[in-house]
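Enquirer: whatever this is, show me its structure:
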Amino acid sequence: MIGGNVTEYSVIDKEGKITHYVWCNQTRRMVVQKAMTETVVIYSNGGQECERLSSLLKTLGGKFLEYKLGQHFTQRAFDKEFGKGAEYPQINIGFKHVGGLKETLQYLKDQGMFS
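Expert: Now for the predicted structure:
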């Protein structure tokens with residue numbers, strides 16, 4: 001992620017597409033952030049990593065759904081879906097299962113969501 005003091009800008013073009021820009025005072029450069037266009041589904045146990053990912057997605061302007069352990073699914077259902085020992089959170093973007101937090105951060109970086 002970008003270090004130092006940052007200023008965020010969002011621009012909406014004629015077609016309604018949102019482009020996010022971030023100016024970093026420390027590096028003195030502008031970075032373009034792509035807006036999330038697909039719905040993200042987070043399978044959460046309410047832990048700190050789940051909250052961090054939710055905050056990041058809000059910053060990126062993405063739409064996401066958060067399914068919570070004990071409220072929307074059981075641990076048994078989670079294990080059956082993702083395998084025993086799978087870490088929280090588990091993330092789907094669109095119709096694709098991306099994986100855990102680290103895999104999701106790498107995926108978002110590869111998609112140009114941030115640098």
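Enquirer: residues contacting the one helix or strand residue 107 maps to, please?
Expert: In this assignment (DSSP states H and E), residue 107 forms part of helix 101-110. Residues from elsewhere that reach helix 101-110 (CB atoms under 8 Å, 6 or more residues apart in numbering): 49, 52-53, 56, 60, 87, 89, 91, 93, 98-99, 114-115. (Glycine included, C-beta is placed from N, CA and C.)
Enquirer: buried ones from those residues, can you make that a ChimeraX selection?
Expert: Typed into ChimeraX, the line below selects the buried ones among the contacts of helix 101-110, using 16 or more other CB atoms under 10 Å:
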select :53,56,60,89,91,93,98,99,114
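Enquirer: include pLDDT, distance to residue 40 and secondary structure when you put the contacts of helix 101-110 into TSV, please.
Expert: Shown next, in TSV, are the contacts of helix 101-110 (pLDDT from 0 to 100; distance: CB to CB, whole Å; DSSP: H, G, I helix; E, B strand; the rest coil):
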residue	pLDDT	distance to residue 40	secondary structure
49	92	14	helix
52	89	14	helix
53	88	9	helix
56	84	10	helix
60	79	9	helix
87	95	17	coil
89	96	10	coil
91	93	6	strand
93	87	5	strand
98	93	9	strand
99	95	13	strand
114	68	15	coil
115	63	20	coil
